[in-house]
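> Structural data only, the sequence is not supplied:
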């Protein structure tokens, strides 16, 4: 403990300012990573990363934009990105030819992780990730005949799986569908994947998983299909976290990515 206290004092580590789960951070790169032929064209900070787990002296980070394995980094080489800074990638290398900026960017590894959960009824809006399809063909005040088969679907209906246990898993909301997809696609160990998918207290959501979940619901739930068709493209805000314990602002980002992708 004395060694750690001495290390913290030497490196100006303030426990009150350490990154928390869900924070965005940059990582200071080793000198050889950025001191190249033209050092002014390179940035000494790498990232951005999302904090998915913390310990006393380090944090487990997932790159927000690159599909790579999470890494564990010491706190003293991390810098927290203020919430006021927009979540957009930074390009630090110049190009010889000016190119047109991409209009739509695919964000594939924005991972949000939280273990705590409580029961909650969830959001009733078809454009919210906590929406549960009623299965009704008619809704009060709406002149539209709904045809929904989403309540009959299982995980195996859209994903080719060899594991019968995983294939038989059911889901009741867009969020639950996204959670299953996210764990299935990111966890490589088959036994751990099966365990985590069945453990409803384990929360893991990726943007890719949310996009696929909204697309799936759009195909098999007319309530979601109609809501997406009528949506004007404005930003959506969830009224609560659905009992997940995940910050609402992060859920809003995931939800809006899913709706925009499905539209």
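That came in fine, so what should we check first? Owing to the predicted nature of the structure, the values given are computational and were not obtained by experimental measurement.
> For the stretch 51-200 of the chain, which segments count as helices?
164-167, 174-186, 190-198 (DSSP state H, counting those that start in this stretch).
> Now do the same for the longest one: mean pLDDT, whole number.
Spelled out, that is helix 174-186. Averaged over helix 174-186, pLDDT sits at 94.
> tell me what that helix is packed against?
Secondary-structure packing of helix 174-186 (3 or more Cβ pairs under 8 Å, 6 or more residues apart in numbering; DSSP states H and E): helix 190-198, strand 203-205, helix 207-220, helix 248-262. C-betas here are computed from N, CA, C, even on glycine.
> Out of these, which is closest to residue 58?
Comparing these by their distance to residue 58 (Cβ to Cβ), the top pick is strand 203-205, with 20.0 Å.
> what's that closest one packed up against?
Judged by 3+ Cβ pairs under 8 Å, 6+ apart, strand 203-205 is in contact with strand 112-114, helix 174-186.
> Apply 10 Å and report the result again.
Contacts defined by 3 or more Cβ pairs under 10 Å, 6 or more residues apart in numbering; DSSP states H and E place strand 203-205 against strand 112-114, helix 174-186, helix 190-198, helix 248-262.
> How far away from the center of its chain is stretch 198-206?
Computed by Cα atoms, centre = their mean, to the nearest Å, the separation of stretch 198-206 from the middle of its chain amounts to 12 Å.
> how about that stretch: buried residues?
202-206 (16 or more other Cβ atoms under 10 Å).
> same thing with stretch 135-154?
Neighbour counts over stretch 135-154 (16+ other Cβ under 10 Å) mark 146, 148, 150, 153 as buried.
> And these, which is closest to residue 233?
Residue 233 has its nearest neighbour among the buried residues of stretch 135-154 in residue 146, at 23.0 Å by Cβ to Cβ.
> Now do that closest one, the pLDDT please.
As predicted, residue 146 sits at a pLDDT of 94.
> ok, it - contacts?
Neighbour list for residue 146: 133-139, 221-223, 225-226 [criterion: Cβ atoms under 10 Å, 6 or more residues apart in numbering].
> Okay, it and residue 242: tell me how far apart.
Separation of residue 146 from residue 242 (Cβ to Cβ, to the nearest Å): 23 Å.
> again with residue 51
21 Å.
> And for residue 253?
Applying Cβ to Cβ, the value for residue 253 to residue 242 is 15 Å.
> quick one: which of the two has more around it?
Comparing residue 253 with residue 242 by neighbour count (other Cβ atoms under 10 Å), the higher total belongs to residue 242, at 22 against 18.
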